[in-house]
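Novice: dropping the sequence and predicted coords here.
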Amino acid sequence: MNAASLASTEYALNTLYILLSGALVMWMAAGFAMLEAGLVRSKNTTEILTKNIVLFALACIAYLIIGYTLMYGAGGTDNFADNADFFFQSVFVATAMSIVSGAVAERMKLLAFFIFAVVLSAFIYPFQGSWSWGGGFLAEAGFVDFAGSGIVHMAGASAALAGVLLLGARRGKYKDGKPTAIPGANMPLAALGTLILWFGWFGFNGGSQLAIHDIENANAVAKVFVNTNTAAAAGAIGALLITVFIWRKADLTMIVNGVLAGLVAITAQPLTPEPYTAAIIGASAGVLVVISIISLDRLRIDDPVGALSVHGVVGFYGLMLVPLTDASATWSVQLLGAAAIFGWTFVASLVIWYLLKVTVGIRVSEEQEYLGGDISECGVEAYPEFTGSTKR
């Protein structure tokens, strides 16, 4: 095979791999939708599904029109098709917005949420992404975030935190200053969503290698897959052990968040750790996420699905673990990167959420919240036979 034919084959292999990885990440949208639908009350199921489908559509279009160029400029590479790169990056920004959806569930207006989705996808997310993946000052400083523990997950959680603080807690969540459990409606859906996310994460992390055309890259992708899977498994075990220790019960909601915590933590650098180290990273993240969920609840920060803990607290944790296995990273630069991502995303989001609050409003009325988003915002119930409002 001559050099031109070899280069053409490598280009085609890399392009195909990135496209398939992007399709796996797109499938994560289904995972987020099922997870959130399972963890909200039945009267808000259709509304949460509507948010997840429409946010994905809005994110892709906004990133196409403005976001990708803002983040990467003209782009261009000889290793794979530019359109493959755009597709892969666009499903990442949709993932960041999906994180916001769960945290503000059950009390936010659809219109405000959709407007924010456009702003985050077109401006807020790509602006901070340009500092690292786009070759900006964080990249020059040596900041390492292989697949987006900070750039995607912590950024999404930072945007969500700003919204949650302005939005306030769901009615009935806190009584006499103490948190009250509001159980989700469908644990099978939550478990299904978790397994879909686990599966899609192989595209999220594995695809971020951006090449598979030779032995070195193929071995790297294989190691990323093993470490991603190991961290998720260990995260589930870590969460299980601490829930049994605290409550003497195997709490499924905490276990699924333990899986996701393990995945988020390893995302910052899934290539350099050995599998046993990945297991430690995942298990510790599974323990951390349970502690974080409990702590935020006591601080009266209402997060129905645990997104702030899974993607925010653990996203930061993952970034700060990178120097343990990656000699190119330093704690000072990792901290700088985390501070820059959080600072920009939180402040910019807070401004946008506030402007929405004083214009179109961000919270549904008390009556609408009581009825649920399915009726008040969508006019279609997910379970009409069981909720009873449409019975004849």
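Specialist: Happy to help now that I have it. Numbers count the residues shown, from 1 in each chain.

Novice: only C-alpha atoms from now on, for both contacts and neighbour counts.
Specialist: OK.

Novice: which non-adjacent residue is nearest residue 20?
Specialist: Distances taken as Cα to Cα, 6 or more residues apart in numbering place residue 203 nearest to residue 20, at 7.5 Å, with adjacent residues excluded.

Novice: who's in contact with the helix or strand containing the one you found?
Specialist: Of the helices and strands defined by DSSP states H and E, residue 203 is found in helix 187-206. For helix 187-206, contacts defined as Cα atoms under 8 Å, 6 or more residues apart in numbering pick out 20-28, 30-39, 92, 146-147, 221-222, 224-225, 228-229, 232, 252-253, 256, 259-260, 263, 267, 270.

Novice: now that helix: mean pLDDT?
Specialist: Helix 187-206 shows a mean pLDDT of 98.

Novice: list the buried residues of the next helix or strand after that helix.
Specialist: The helix or strand immediately downstream of helix 187-206 is helix 215-247, counting by DSSP H and E. For helix 215-247, a neighbour-count test (16 or more other Cα atoms under 10 Å) marks 220-221, 223-243 as buried.

Novice: stretch 333-350 now?
Specialist: Going by neighbour count (16+ other Cα under 10 Å), the buried part of stretch 333-350 is 333-334, 337-338, 340-342, 344-346, 348-350.

Novice: try stretch 159-177
Specialist: Under the neighbour-count criterion of 16+ other Cα under 10 Å, stretch 159-177 has 159, 160, 161, 162, 163, 164, 167, 168, 169, 170, 173, 174 buried.

Novice: among those, which are located in strands?
Specialist: In this view, the buried residues of stretch 159-177 that belong to strands under DSSP state E are residue 174.

Novice: turn the buried residues of stretch 159-177 into a markdown table, including pLDDT.
Specialist: Formatted as a markdown table, these follow (pLDDT from 0 to 100):
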| residue | pLDDT |
| --- | --- |
| 159 | 98 |
| 160 | 98 |
| 161 | 98 |
| 162 | 98 |
| 163 | 97 |
| 164 | 97 |
| 167 | 96 |
| 168 | 94 |
| 169 | 94 |
| 170 | 94 |
| 173 | 93 |
| 174 | 93 |
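
Novice: now, which of the buried residues of stretch 159-177 sits nearest residue 87?
Specialist: Nearest to residue 87 out of the buried residues of stretch 159-177 is residue 159 (Cα to Cα; 22.8 Å).

Novice: wait, doesn't the closest one sit right on residue 346?
Specialist: Yes. With contact defined as Cα atoms under 8 Å, residue 159 reaches residue 346; the gap is 5.3 Å.

Novice: ok, the residue nearest to residue 20 to residue 61 distance?
Specialist: 21 Å (Cα to Cα, to the nearest Å).

Novice: so which of the two has more stuff around it?
Specialist: Between residue 203 and residue 61, residue 203 has the larger neighbour count (other Cα atoms under 10 Å), namely 25 against 16.

Novice: against residue 11, how distant is the more buried one?
Specialist: Using Cα to Cα, we find residue 203 at a distance of 18 Å from residue 11.

Novice: out of the buried residues of stretch 333-350, flag the one nearest to residue 152.
Specialist: Among the buried residues of stretch 333-350, residue 341 lies closest to residue 152 (Cα to Cα), at 9.5 Å.

Novice: so that closest one is in which element?
Specialist: Element membership of residue 341 [criterion: DSSP H and E] is helix 331-358.
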